[in-house]
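Enquirer: I need the structure of the sequence given here:
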Amino acid sequence: MVDLAAVHSMLIEMHGGMLTLAVVCILATVVARTHLGKLARYTEPTAYLAAIGGVIGLITSAIVGFYVWPIELITTSTLGLSHVMFAVFALELWLVFVFIRSKYGENLWKNGGMAAVYACLAIFGFLFVVLAGSLGAHMTGKGSVLDPVYALLGVNPVTFGVIGFNFVIVLVSVSVVAIAVPMIVVLYLQRRASLKDSVKT
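Expert: Got it, this is the predicted structure:
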């Protein structure tokens, strides 16, 4: 019989590693495009492929997680709901990241504003992955490497977050912002670039 807890842990390591690789490659691409152009030929597509793998791993680990953890822990505890909430935010940001790269290809780097939005999606998506993973570690009772940061900020990760109807409000509100704002900005930047090109011709 398959040990779902072990599979869940493996999937967490997989998507965590891939999304870490993706964000490191994006940061390297940003630096490379300003100083070392040749490096970006390798880091940029690596970030894209790693993000796709990370999104697949994130979705799969979330599905397996619902079978591993008691539904009461996930839906009635602040810790469980916060873990789910941060995982959803991370997934949304990475999905938008992959969508933008799939739609515009490497040409997105020719538009400074679009490149900035793209890089920010990776950075904030990665931060939410880290927070979700940290809370997941607390769910197992192991603690987290972020505990010194929590202590410094006076935050108790076990009770930090929202529950009940407030959870739905926060989840929906931030989800709309996480998806709509980057897309609106990218579409605006694309339209502005198209208008500039038409004026030149």
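Enquirer: any buried residues in whichever strand or helix holds Gly136, and which?
Expert: Following DSSP states H and E, one finds Gly136 within helix 112-139. Counting neighbours by 16 or more other CB atoms under 10 Å, one finds that the buried residues in helix 112-139 are 114-115, 117-119, 121-122, 124-126, 128-139. From N, CA and C alone the C-beta is placed, and that goes for glycine too.
Enquirer: check stretch 104-114 too.
Expert: 104, 108-109, 111, 114.
Enquirer: ok, now how distant is Phe160 from Leu79?
Expert: 8 Å (CB to CB, to the nearest Å).
Enquirer: more crowded one of the two?
Expert: Neighbours per residue, other CB atoms under 10 Å: of Phe160 and Leu79, the larger number sits with Leu79, 20 against 15.
Enquirer: was I right about the more buried one contacting Ile163?
Expert: No - using CB atoms under 8 Å, Leu79 is not in contact with Ile163, being 9.7 Å away.
Enquirer: tabulate the buried residues of stretch 104-114 (JSON lines), appending distance to Gly53 and pLDDT.
Expert: Below are the buried residues of stretch 104-114 laid out as JSON lines (distance: CB to CB, whole Å; pLDDT from 0 to 100):
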{"residue": "Tyr104", "distance to Gly53": "20", "pLDDT": "91"}
{"residue": "Leu108", "distance to Gly53": "20", "pLDDT": "89"}
{"residue": "Trp109", "distance to Gly53": "21", "pLDDT": "88"}
{"residue": "Asn111", "distance to Gly53": "26", "pLDDT": "87"}
{"residue": "Met114", "distance to Gly53": "23", "pLDDT": "91"}
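Enquirer: how about the residues you listed in TSV, adding distance to His8?
Expert: Output for the buried residues of stretch 104-114, formatted as TSV (distance: CB to CB, whole Å):
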residue	distance to His8
Tyr104	34
Leu108	34
Trp109	36
Asn111	39
Met114	36
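Enquirer: got the contact list for the lowest-mean-pLDDT helix or strand in the chain?
Expert: For the chain, counting by mean pLDDT, DSSP states H and E, helix 71-76 ranks last in confidence among helices and strands (a mean of 79). Residues from elsewhere that reach helix 71-76 (CB atoms under 8 Å, 6 or more residues apart in numbering): 65-66, 79-81, 83-84, 139, 163.
Enquirer: got a winner among the residues you listed for most neighbours?
Expert: Of the contacts of helix 71-76, with other CB under 10 Å as the count, His83 tops at 26 neighbours.
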